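Any chance you could fold what I've pasted below:
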Amino acid sequence: MLRLIDNFLDKITMYKVVLYILIGFVLIGAVLSFFGLLPYNPIALLFSAFFITTICLVANIVLAWAFDVPANVESVYITALILALVITPLQSAHDTVFFSLAIWASVLAMASKYILAIGRKHIFNPAAIAVAITAVAISQSASWWVGTLWMLPFVLIGGFLITRKIHRFDLVLSFCAVAIITILITTVTNPADILNSLWRVAASTPLFFFATIMLTEPLTTPPTKWLRIIYGAVVGFLFSPAIHIGTVYSTPELALVAGNIFSYVVSPKEKLILKLKEVQKVANDTYDFIFRPNKKMKFKPGQYLEWTISDRKVDSRGNRRYFTIASSPTEQDLIMGVKFYPDPSAFKQQLMEMRPDDTIIASQRAGDFTLPRNKHKKLVFVAGGIGITPFRSMIKYLIDIKEKRDIVIFYSNRTIQDVAYTDILDEAHSELGIKTVYTLTDLSTVPESWKGKRGYVDQEMISQEVPDFQERFFFISGPHSMVTGFEDVLGKIGVDKSRIKKDFFPGFA
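Reported below is the predicted structural model:
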């Protein structure tokens with residue numbers, strides 16, 4: 001069942017998953033209101049969402065033009081729908097409280113992305129900072145109406161899908177655990193009331209919506225696992241309404257804003273303006289896009305970036321993508337390795353149409369798929385197709401710093417024409433003794449002169465090429481089906497999951 005869910009989620013970008021789920025929440029809220037299960041007029045609820053979305057769109061268009069940066073419509077819709085789910089829907093045609101809060105919160109949310117930013121990178125979750133400011137400036141607060149019993153089942157399902165899509169269970173679990181414990185400690189005086197208090201926290205607060213929809217926003221969370229866990233714990237502690245400084249008591253939005261500050265301090269965000277230097281074909285339908293950054297960026301080999309292209313040609317898949325950095329930190333240019341498939345997205349079409357000196361924006365450096373600190377660990381890299389890009393970064397880095405490590409690479413491709421970066425892999429073999437095992441899976445196209453392996457990487461191939469596989473740590477990168485399939489193979493030969501690391505970045509599609 002989970003594999004079916006993963007296969008479905010892999011076909012949709014992260015932003016689309018979040019967007020569709022938020023739209024679903026609004027529609028479900030309207031249906032529940034129609035049946036009298038929520039205290040709102042269903043037409044008014046839908047109008048509220050439409051009104052907030054319209055204000056957000058107009059504000060974002062103006063701000064994007066004023067600051068001369070690409071506008072991302074998906075993120076506008078997402079922020080608008082979050083606001084619609086936390087601001088009490090319109091009560092009547094003369095509901096000045098709704099109109100005042102909706103207008104100010106919408107404009108402030110959009111403005112925060114451009115004004116409350118460092119290096120063109122916003123610091124705060126837009127919806128959270130907007131409702132935090134309106135609470136102080138105009139004394140109007142968000143009700144977080146989505147955190148109700150009737151919405152709970154849908155929030156749990158939608159939140160699970162989002163969390164699974166972006167692989168942020170570590171963040172969500174650390175937040176929920178600390179938030180629940182803190183709330184119980186600060187509000188329960190009689191141990192007999194613990195179960196009732198747990199139920200109230202789950203059914204009458206926005207805990208799960210907050211954790212899975214807002215807390216997990218990639219742009220304002222730390223880039224690595226342990227920092228994310230700490231971040232979740234910090235926000236979870238502040239989430240309790242009993243936490244206060246003087247007369248100022250915590251609210252969900254204040255907890256998140258404080259967490260965003262912590263996230264920025266421990267992992268400063270940056271946004272690069274990259275100019276295209278050249279495009280090189282490295283394999284069949286596979287190209288290296290080589291960019292000159294406007295400043296030097298620090299990163300670890302194997303990490304990824306979010307790349308944003310002009311919005312002049314946008315389809316349903318949006319104008320943002322996550323790609324691994326194929327270059328090494330030792331190289332001056334930033335390289336994005338891209339595989340083009342039939343019916344490419346508008347993003348990839350624009351990418352292929354780029355000319356020298358055209359620009360693209362790169363941000364949100366993140367990822368734990370990096371070389372272990374212990375140089376003596378024996379490693380096996382398993383790459384499928386374009387999944388070779390993080391390994392290209394790691395291997396080039398080791399070559400440049402002349403650091404030897406015990407590494408065996410399995411590199412699987414459909415045909416010989418799909419094989420990329422043989423120059424780097426050959427250099428790694430001659431300079432560092434790193435062994436690469438090439439294999440082709442389309443047996444009908446394998447030439448007679450082929451000296452590599454045939455077929456998929458399986459138990460027999462591993463045993464033959466890496467007899468000491470039980471002593472090694474495995475790094476797997478490639479299409480999701482290939483990664484999960486090879487993980488199953490490793491499980492069958494007794495490789496513990498703690499010795500397996502999988503490449504992942506949000507929005508793989």
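
going forward, measure contacts between C-alpha atoms and count neighbours the same way
Will do.

Select the longest helix from this structure.
The single longest helix within the chain, with elements called by DSSP state H, is helix 42-67.

So for P42, what's the pLDDT?
Reported pLDDT at P42 in the predicted model: 97.

Quick check: the gap between it and F34.
6 Å (CA to CA, to the nearest Å).

residue ranges with poor pLDDT in the stretch 351-500 of the chain?
Under the criterion pLDDT under 70, no range of the stretch 351-500 of the chain is flagged.

Can you show me the strands along it?
For the stretch 351-500 of the chain, the strands defined by DSSP state E, counting those that start in this stretch cover 359-366, 379-384, 407-413, 435-440, 453-454, 473-477, 500-502.

that older thread, buried residues in the longest helix of the chain, which are they?
Going by neighbour count (16 or more other CA atoms under 10 Å), the buried part of helix 42-67 is 42, 44-46, 48-49, 51-57, 59-61, 63-64.

Tell me which other helices or strands it touches.
Counting contacts by 3 or more CA pairs under 8 Å, 6 or more residues apart in numbering; DSSP states H and E, helix 42-67 packs against helix 14-34, helix 73-86, helix 96-114.

Ok, which of those comes nearest E465?
helix 14-34 (37.1 Å; CA to CA).

what packs against that closest one?
Using 3+ CA pairs under 8 Å, 6+ apart, helix 14-34 sits against helix 42-67, helix 73-86, helix 152-166.

okay, the strand or helix carrying K275 in CSV with CA atoms only?
When elements are assigned from DSSP states H and E, K275 belongs to strand 271-283. This file holds the C-alpha atoms of strand 271-283, laid out as CSV (Å, rounded to 0.1, in the frame of the first residue of the first chain):
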residue,chain,number,x,y,z
LYS,A,271,19.8,32.9,-2.8
LEU,A,272,22.2,32.8,-5.8
ILE,A,273,21.7,34.5,-9.1
LEU,A,274,23.4,32.2,-11.6
LYS,A,275,24.3,33.1,-15.2
LEU,A,276,24.5,30.3,-17.7
LYS,A,277,28.0,29.7,-19.0
GLU,A,278,27.5,26.8,-21.3
VAL,A,279,25.5,23.5,-21.8
GLN,A,280,27.3,20.2,-22.4
LYS,A,281,25.8,17.0,-23.5
VAL,A,282,27.2,14.3,-21.3
ALA,A,283,25.0,11.3,-22.3
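
Check which residues of it are buried.
Those would be 271-277, 279, 282-283, for strand 271-283 by 16+ other CA under 10 Å.

For these, give me a markdown table that also has distance to N196 and pLDDT.
Converted to a markdown table, the buried residues of strand 271-283 look like this (distance: CA to CA, whole Å; pLDDT from 0 to 100):
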| residue | distance to N196 | pLDDT |
| --- | --- | --- |
| K271 | 46 | 78 |
| L272 | 50 | 85 |
| I273 | 53 | 88 |
| L274 | 54 | 91 |
| K275 | 58 | 94 |
| L276 | 59 | 94 |
| K277 | 62 | 95 |
| V279 | 61 | 95 |
| V282 | 61 | 94 |
| A283 | 61 | 94 |
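
nearest to T359, of those?
For these, the nearest to T359 is K275 (4.5 Å; CA to CA).

List the residues that contact that closest one.
By CA atoms under 8 Å, 6 or more residues apart in numbering, K275 lies in contact with 291-294, 356-360.

how about the strands in the stretch 101-250 of the chain?
117-118, 121-122, 244-245, 248-249.

Of those, which stretch is the most buried?
Neighbour counts (mean count of other CA atoms under 10 Å) averaged over each of these peak at strand 121-122, with a mean of 21.

Run through the neighbouring helices and strands of it.
Checking 3+ CA pairs under 8 Å, 6+ apart, strand 121-122 ends up next to helix 96-114.

redo that, cut-off 10 Å
Other helices and strands packing on strand 121-122, by 3 or more CA pairs under 10 Å, 6 or more residues apart in numbering; DSSP states H and E, are helix 96-114, strand 271-283.

same for the first one, what does it pack against?
Applying 3+ CA pairs under 10 Å, 6+ apart, one finds that helix 96-114 makes contact with helix 42-67, helix 73-86, strand 121-122, helix 126-137.

now with 7 Å?
Helix 96-114 is packed against helix 42-67, strand 121-122, helix 126-137, with contacts defined by 3 or more CA pairs under 7 Å, 6 or more residues apart in numbering; DSSP states H and E.

out of those, nearest to G246?
Comparing the helices and strands packed on helix 96-114 by CA to CA, helix 126-137 comes nearest, at 15.4 Å.

Going by neighbour count, list what's buried in that closest one.
Neighbour-count burial for helix 126-137, counted by 16+ other CA under 10 Å, picks out 126-135.

count of residues packed around V97?
14 (other CA atoms under 10 Å).

before we move on, what about A202?
A202, neighbours per other CA under 10 Å, totals 16.

Let me know the pLDDT of it.
Value for A202, per-residue pLDDT: 85.

Ok, which of the strands of the stretch 101-250 of the chain comes nearest H376?
strand 121-122 (37.6 Å).

Name the residues that touch the closest one?
112-114, 116, 269-271 (CA atoms under 7 Å, 6 or more residues apart in numbering).

which residue sits farthest out from the middle of the protein?
The outermost residue of the chain, judged against the average C-alpha position, is E448 (43.1 Å), by CA atoms, centre = their mean.

Look up how far D418 lies from it.
From E448 to D418 the distance is 17 Å (CA to CA).

And D496, by the same measure?
Counting by CA to CA, the gap from D496 to D418 is 31 Å.

More neighbours: which of those two?
Between D496 and D418, counting by other CA under 10 Å, D418 is the more crowded of the two (17 against 14).

how about that one, what does it touch?
283-284, 385.

likewise S48?
84, 89-90.

out of those residues, who's nearest F25?
A84 (10.0 Å).

quick one: the closest one and A49 touch, right?
Yes. Here A84 reaches A49: they are 5.0 Å apart, a contact under CA atoms under 7 Å.

which neighbours do those two share?
With the criterion set as CA under 7 Å, 6+ apart, the contacts of A84 and A49 do not overlap.

With that, I have no additional questions.
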